[in-house]
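Student: here is my input, please return the structure:
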Amino acid sequence: MGINTLKSPRNAARWTVLVLIMASVLISQAAAAKASAPAKALVRVNQVGYALAAPKRAYLMASASEAGAVFTVKGSTGKTSYSAGVGPRLGSWSATYAFVYALDFDKVSMAGTFTITVRGHIYAASPTFRIDTAQHLYGPLEVNALSFFRNERDGLNFIRSPLRTDPGHLNDSHAMTYLPPAFDANDAVVGDLSPLGVTVDASGGWWDAGDYVKFVETHSYTVAVLLMGVRDFPQQLGSGSTVSNFSNEVKFGLDWLQRMWDDKTRTLYYQVGIGSGNDTIVSDHDIWRPPQVDDTYGGTDPLFRYIRNRPVFRAGPPGALISPNLAGRLAADFALCYQVYRESRPAYAKQCLLNGEHVFDLANTSPQGDLLTAAPFGSYPETEWRDDLELGATELGIALASDDLPSGLPHSNARFYLERAAHWAHAYITGPNDAADTFNLYDVSAAAHYDLYRALQGEDRPHVGLEVTPATLIADLKKQLDSAVLVSSSDPFGFGFRWDQFDTTTHGAGLAVTAAMYTSLTGKKTYSTYGKRWLANILGANAWGTSLIVGAGKVFPFCMQHQVTDLIGSLDGSPPILAGAAVEGPNSFAASGTVEGMIACPPNGIDHFAQFNGKTAVYKDNVESWSTVEPAIDLTASSPLAFAWQMRKS
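Tutor: Modelled structure (predicted):
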């Protein structure tokens, strides 16, 4: 019976009765199905494992009450190491898993392989997990992270691996430059691109994500975070490590930024390639292929002209003011370059420092409209910029505090930049976005506060007369962490960032870093346990029971939206995989849509994680779902830093 049969009050009444009867039947059937459905319970753990002396929490998620149940931790020999009643109920995750409990086993402090079993109304067992030193647990993940960046290399100086057999985008070495394109309401390019008649060497650098576009927006953040890791953790990420030394890899990223900034003419180029086209322009996102075919793709077909010869977009004419988000982060990159390479590569470091000062001097400190991020802006809709200027000024101030500075610098007094760093820290703290986000691509205030605090310490009291004090910076770090704790209080798994937002994985790593920095600066462990649990959340201690970093644990993304892994890698988690890649993570939606040439993954199309979706958060491991399983350099950058903090000896 269709709605169009309702032509009289009688028919309307008859339809209402039928609807009520049908609804009653459906409700009865649903109730019967629920009553007959088997009870379910699962144990979620940190799949990487737990450090010996660290707090240890797993989660029991069940379809019915498990109050009074007992959980047991057993070693690989079957011997019981610990047994206790399940902890308090932490809340409800979904209609299917309405009961979530804490399973705390801090007292287990011997190394080994373990499992957890729960005996109560519903039996449950965990996957195996390790307890070991932080070095043994997280050291291999640092190796994986380095492997990820090496596999993302573009250009002639790629590193051969099972996933990479040939160089790509060699035409970038003589790329034409263009004015920023105009876009319509659907982010399609309006008309054609406008060439500037100037070619540049835009070769090298890392691909941004699962595509092949390169952005200063994400590069500048990634390089800054990795350089901090190399500087502060030489044994884990620098020259002290024989297996995870990022020194050469981060220089590879720096080299590309040096090409995108023409210091002689004071010109910034901010993007190579374009992901959005129109009826006459095929863009990077319109085709699915390995990178090495692009230089000759389509022969002479004009539709593919910007695939073969990728456009480079200019931020502004020579000497123009630079969007403050890019100016701040680039200045930080070049200042950190000086800090890290001043002894090993003095000439290179000097040029970096000059670049950093020149870029910072051109920062637009009164921006109007959208910040300059990417073309189109919606690809990376950054809105905060004061934190970037704080970071840039802080790192320049630290660099100028060195001995034997090179000659010819525009400014050689560290105080000059520390005053500006304090000004922008104050502007951020009193601005519209203070503590509205946490450490990630869109907010670097935690890293800026951390380094500025250290720069302002000392017997000569360098903070006197500045717009912020060390105490102000600590208070703002605490504010960010308190916000995360508040968010965690409403999540049964205690995550400090909402699962139904973009970039959940990198926010988890960023929160772990921020908590560790706060502990380091204050000596207080107020957020130490939270930080370790937030990191565990992205390593498997979540509703889906999956690590969100490839190769970390036993269950991790197999079907990423990444062209090389889809076309060349495995589709089942066996080698070769893009080890170390951090993906988007759970989100409010799972994207869909195919591109010709894409290999379906999973091959059978089954969504194994749908049954664990809860509240408004979903996770889907499917090559079509860029919103949950696309990896990216900025998403991955904070994870090696988070692992290094876990390995740091107090």
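
Student: what's the distance between residue 81 and residue 411?
Tutor: Distance, residue 81 to residue 411, by C-beta to C-beta, to the nearest Å: 59 Å. Any C-beta I mention is one placed from the backbone N, CA and C, and that applies to glycine too.

Student: revised request: answer the last question for residue 457.
Tutor: Distance, residue 457 to residue 411, by C-beta to C-beta: 22 Å.

Student: neighbours of the nearest residue to residue 377 once chain neighbours are set aside, how many?
Tutor: Counting by C-beta to C-beta, 6 or more residues apart in numbering, the nearest residue to residue 377 once its immediate chain neighbours are dropped is residue 370, at 4.8 Å. Burial of residue 370 is recorded as 13 neighbouring residues (other C-beta atoms under 10 Å).

Student: ok, residue 370 touching residue 379?
Tutor: No. Counting by C-beta atoms under 8 Å, no contact exists between residue 370 and residue 379, whose distance comes to 11.6 Å.

Student: how about stretch 79-94: buried residues?
Tutor: By neighbour count with 16 or more other C-beta atoms under 10 Å, stretch 79-94 contains the buried residues 81, 82, 86, 87, 89, 90, 91, 93, 94.

Student: I'd like those written out as CSV, with secondary structure, pLDDT and distance to residue 116 added.
Tutor: Supplementary listing: these in CSV, determined by DSSP: H, G, I helix; E, B strand; the rest coil; pLDDT from 0 to 100; distance: C-beta to C-beta, whole Å:
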residue, secondary structure, pLDDT, distance to residue 116
81, strand, 97, 10
82, strand, 98, 9
86, coil, 98, 10
87, coil, 96, 12
89, strand, 97, 17
90, strand, 98, 16
91, strand, 97, 20
93, coil, 98, 18
94, coil, 98, 21
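
Student: who's in contact with the closest residue to residue 42 other than its chain neighbours?
Tutor: For residue 42, the nearest residue in space outside its immediate sequence neighbours is residue 61; the separation is 5.3 Å by C-beta to C-beta, 6+ apart. When the contact criterion is C-beta atoms under 8 Å, 6 or more residues apart in numbering, the partners of residue 61 are 41, 42, 43, 44, 93, 97, 99, 100, 101, 492, 543.

Student: now with 7 Å?
Tutor: Under the criterion of C-beta atoms under 7 Å, 6 or more residues apart in numbering, the contact list for residue 61 reads 41, 42, 44, 93, 97, 100, 543.

Student: for the residues you listed, which single residue is the most surrounded?
Tutor: Scoring the contacts of residue 61 on neighbours with other C-beta under 10 Å, the highest-scoring entry is residue 543 at 28 neighbours.

Student: isn't that one right up against residue 615?
Tutor: No. Residue 543 is beyond contact range of residue 615, at 9.0 Å (criterion: C-beta atoms under 7 Å).

Student: please identify every residue contacting each of those two.
Tutor: Residues touching both residue 543 and residue 615 comprise residue 93, with contact defined as C-beta under 7 Å, 6+ apart.

Student: I'd like the next helix or strand past the strand or helix carrying residue 486.
Tutor: For residue 486, the element it lies in under DSSP states H and E is helix 470-488. The helix or strand immediately downstream of helix 470-488 is helix 504-522, counting by DSSP H and E.
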